[in-house]
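Chemist: When you get a sec, could you give me coordinates for this:
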Amino acid sequence: MEPDPAAPPRPGDPKSRGAYFTPTDVARFIAVWAIRGAADRVLEPSCGEAAFLTEAVVRLRELGLTDTGWPAALHGHEIHRETAAVARQLLAGLGAAATIAEGDFFVREARPEFDAVIGNPPYVRYQHFSGEARARALAAALRQGVRLSGLASSWAAFVVHAGAFLKPEGRLGLVLPAELLSVKYATEIRHFLLRRFARVRLVLFDHLVFPGVLEDVVLLLAQGSGGTDHFEVYQAARPQDLMQSLAQEGWTGFHPRPDTKWTSALLPAEVLALYGAVSEGDGFEPMARWGGSFLGSVTGNNGFFALSPARAAALRLPAHELLAISPPGGRHLMGLHFDRADWERLGQAGAATLLFAPGETPTAAARRYIAQGKREGVSDAYKCRVRSPWWRVPLVDRPDLFCTYMNHRRPRLLANQADALVLNSIYGVRLTPSRRDLGRRLLPLAALNSLSLLGAEIGGRVYGGGMLKHEPREIDALPVPSITLVTQLAAELEALLPEVERLLGQGDETRATARVDDLILRHGLGLAREALDTLRAAREYLLDRRLTRGRGTHG
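Modeler: Modelled structure (predicted):
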């Protein structure tokens, strides 16, 4: 698993090729699950120093394999020659010999000749997984009918290619990043698993498995052929508790809808049933009913096009060649509205609150700035060079609401009372005309309830560092109070607005949410206190789980 994704690995470090040492309890559990008989043939791709083959030796001996059977039983593949040599030595020290091939695993021809394929795939993010290595990985997956996104990390293609080495009733046991459950690029892997295997099981953990590593993991246990319509989940506290799951108790089945994430597997079935009943009831509706979300304008170079008032003045750019924008990023969007006073205060503090936007005939000052940008290579940036003229940023609608989409805690919805444009670091929401006035005034407040916050955790995608990301269609699907309910409670919401704004300004989101819950869920919907507590606890569980893993600590 990969450490801090913000820091690229050092050349020569095992982490530079996505290699991380697997805890013994995890390797032992997967070996015991996957290896069922003394005649089983076992493959550990990307075997490193043979953590899984070492446990396979123990397991095969338990099942009765004699010392003469090792070369035929144990197989590995390792891209790094020195590491492969270490693996052979370690296995020899155990009195076992393995056939370990060297080179890129994705070049190896897939032959379905193994009973068990086990291991910990290399995890290299797409930023560092490029060139010929990426091309070979994507081609290997495509040979199995799986077309992966260009944003896929290395483990995704590895899962597909590894599965191709299994006999029809073989077993695949892998340590994978928990991104499998939620990220967009893993959609095709989720489809592949349910299409390829007769049984798909996942082991989830309450605590981090790899000490000091930010990435959360799941264990994939897939077997047989022919496909299935569901997957099963076992929740383990720690790796030391894994062997209990082999008793076949405590597994929960999930039947995912097509193209949905598997994040719901983190919650008990009764909680999901309650969430579904409330979110699909009369009091809630998808955000799309209020209006559609969209990505802000793409400048191609915010440092050039987004200007502070002081810089614009120094460049002598006239007001008619500048447009008001919400500054790049979303850290300044913390309350329930963003007004002209907020915008002016940020500009006075040096924030980039203006967009360089000359018309058909730029002024002399604008022409000088355009020439400066050309000299500095701004015009060569991809988004700039594919438009004509390169210095004119395509504008999107002026949004009614701002919505942050990369968040540590929650998507933040704010009324755009500054009438500012938005750049692509946040989303805009354009409300349906008949709902615009009510939505701008009260939807950001009404959406600050535990049901909507739980929906954000279920519907979002968790990335390294614990960040929660939403695509526009996931924002559109977010359950928020219906127009009927907001209209019914409009007077009470108006009265509550100053208090909640004050609490958010003090950083007390918990109390702010509790006040909205009392009005929306308890008073408006008549939800029982026990049901509300269940929804709150579920949201807090997913939030704490995500943030704990983002800090890279044990919880």
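Chemist: which residues in the stretch 451-555 of the chain form strands?
Modeler: For the stretch 451-555 of the chain, strands defined by DSSP state E, counting those that start in this stretch occupy the ranges 461-463, 467-469, 479-481.
Chemist: same question, the stretch 51-200 of the chain
Modeler: Using DSSP E, counting those that start in this stretch, the strands of the stretch 51-200 of the chain run over 74-78, 99-102, 114-119, 166-177, 199-205.
Chemist: how many other residues sit next to Ala87?
Modeler: Look at Ala87: counted by other Cβ atoms under 10 Å, it has 23 neighbours. Quick note: C-beta positions are derived from backbone N, CA and C, even for glycine.
Chemist: and it, what does it touch?
Modeler: Applying Cβ atoms under 8 Å, 6 or more residues apart in numbering to Ala87 gives the contacts 47-50, 53, 76, 78, 98, 100.
Chemist: so what's Ala116 closest to, chain neighbours aside?
Modeler: Nearest residue to Ala116, sequence neighbours excluded (Cβ to Cβ, 6 or more residues apart in numbering): Ala34, at 3.8 Å.
Chemist: Now do the same contact list for the one you found.
Modeler: Neighbouring residues of Ala34 by Cβ under 8 Å, 6+ apart: 42, 115-118, 171-173, 221.
Chemist: just for the stretch 451-555 of the chain, where's the confidence low?
Modeler: 464, 549-555 (pLDDT under 70).
Chemist: coming back round to it: want to throw the contacts of Ala34 into JSON lines with pLDDT?
Modeler: Formatted as JSON lines, the contacts of Ala34 follow (pLDDT from 0 to 100):
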{"residue": "Val42", "pLDDT": "97"}
{"residue": "Asp115", "pLDDT": "98"}
{"residue": "Ala116", "pLDDT": "98"}
{"residue": "Val117", "pLDDT": "98"}
{"residue": "Ile118", "pLDDT": "97"}
{"residue": "Arg171", "pLDDT": "98"}
{"residue": "Leu172", "pLDDT": "98"}
{"residue": "Gly173", "pLDDT": "98"}
{"residue": "Leu221", "pLDDT": "97"}
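Chemist: just those residues now: which is nearest Ala447?
Modeler: Nearest to Ala447 among these: Leu221, at 38.6 Å, using Cβ to Cβ.
Chemist: which residues touch the closest residue to Leu497 other than its chain neighbours?
Modeler: The spatial neighbour of Leu497 that comes closest, neighbours along the chain excluded (Cβ to Cβ, 6+ apart), is Leu445 at 5.6 Å. By Cβ under 8 Å, 6+ apart, the contact list for Leu445 reads 336, 493, 496-497, 500, 516.
Chemist: so how far is Leu220 from the residue nearest to Ala116?
Modeler: Counting by Cβ to Cβ, to the nearest Å, the gap from Ala34 to Leu220 is 11 Å.
Chemist: before we move on, what about Asp380?
Modeler: Going from Asp380 to Leu220 by Cβ to Cβ gives 43 Å.
Chemist: More neighbours: which of the two?
Modeler: When Asp380 and Leu220 are compared for neighbours, Leu220 comes out ahead with 22 against 13, by other Cβ under 10 Å.
Chemist: Output the lowest mean pLDDT helix or strand found in this protein.
Modeler: strand 461-463 (a mean of 82; mean pLDDT, DSSP states H and E).
Chemist: Only whichever of the contacts of Ala87 are buried, select them in PyMOL.
Modeler: Remark: buried members of these, expressed as a PyMOL selection using 16 or more other Cβ atoms under 10 Å:
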select buried, resi 47+48+49+50+53+76+78+98+100
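Chemist: Could you report the neighbour count for His320?
Modeler: Neighbour tally, His320, other Cβ under 10 Å: 10.
Chemist: How about it, nearest residue that isn't a chain neighbour?
Modeler: Once flanking residues are discounted, His320 sits nearest to Gly359: 7.5 Å by Cβ to Cβ, 6+ apart.
Chemist: Might one say that that neighbour is in contact with Pro318?
Modeler: No - in terms of Cβ atoms under 8 Å, Gly359 does not count as a neighbour of Pro318; the distance is 10.6 Å.
Chemist: And the longest helix along the chain, what does it pack against?
Modeler: The longest helix of the chain (DSSP state H) is helix 529-551. Counting contacts by 3 or more Cβ pairs under 8 Å, 6 or more residues apart in numbering; DSSP states H and E, the secondary-structure elements packed against helix 529-551 are helix 269-279, helix 450-459.
Chemist: make it 10 Å
Modeler: Secondary-structure packing of helix 529-551 (3 or more Cβ pairs under 10 Å, 6 or more residues apart in numbering; DSSP states H and E): strand 199-205, helix 269-279, helix 450-459, strand 461-463, strand 467-469, helix 509-517.
Chemist: Go through those and name the closest to Ala477.
Modeler: Per Cβ to Cβ, nearest to Ala477 of the helices and strands packed on helix 529-551: helix 450-459, 6.0 Å.
Chemist: chain center to that closest one: distance?
Modeler: Distance, stretch centre to chain centre, for helix 450-459: 15 Å (Cα atoms, centre = their mean, to the nearest Å).
Chemist: circling back: quickly list what's touching both of Gly359 and Pro318.
Modeler: Common contacts of Gly359 and Pro318 (Cβ atoms under 10 Å, 6 or more residues apart in numbering): Ala366.
Chemist: Do a quick rundown of the strands in the stretch 201-350 of the chain.
Modeler: Under DSSP E, counting those that start in this stretch, the stretch 201-350 of the chain gives strands at 217-223, 231-236, 252-254, 284-286, 291-295, 306-307, 322-324, 337-338.
Chemist: Tell me the helices and strands packed up against the longest one.
Modeler: By that I understand strand 217-223. helix 24-34, strand 114-119, helix 154-163, strand 166-177, helix 187-196, strand 199-205, strand 231-236.
Chemist: How far off centre is the third one?
Modeler: Right, the one you point to is helix 154-163. When C-alpha coordinates are averaged (Cα atoms, centre = their mean), helix 154-163 and its chain have centres 18 Å apart.
Chemist: re the thing from before, which residues do Ala34 and Leu220 both contact?
Modeler: Shared contacts of Ala34 and Leu220, defined by Cβ under 10 Å, 6+ apart, are found at 172-174.
Chemist: can you tell me how far His207 sits from Leu543?
Modeler: Counting by Cβ to Cβ, the gap from His207 to Leu543 is 16 Å.
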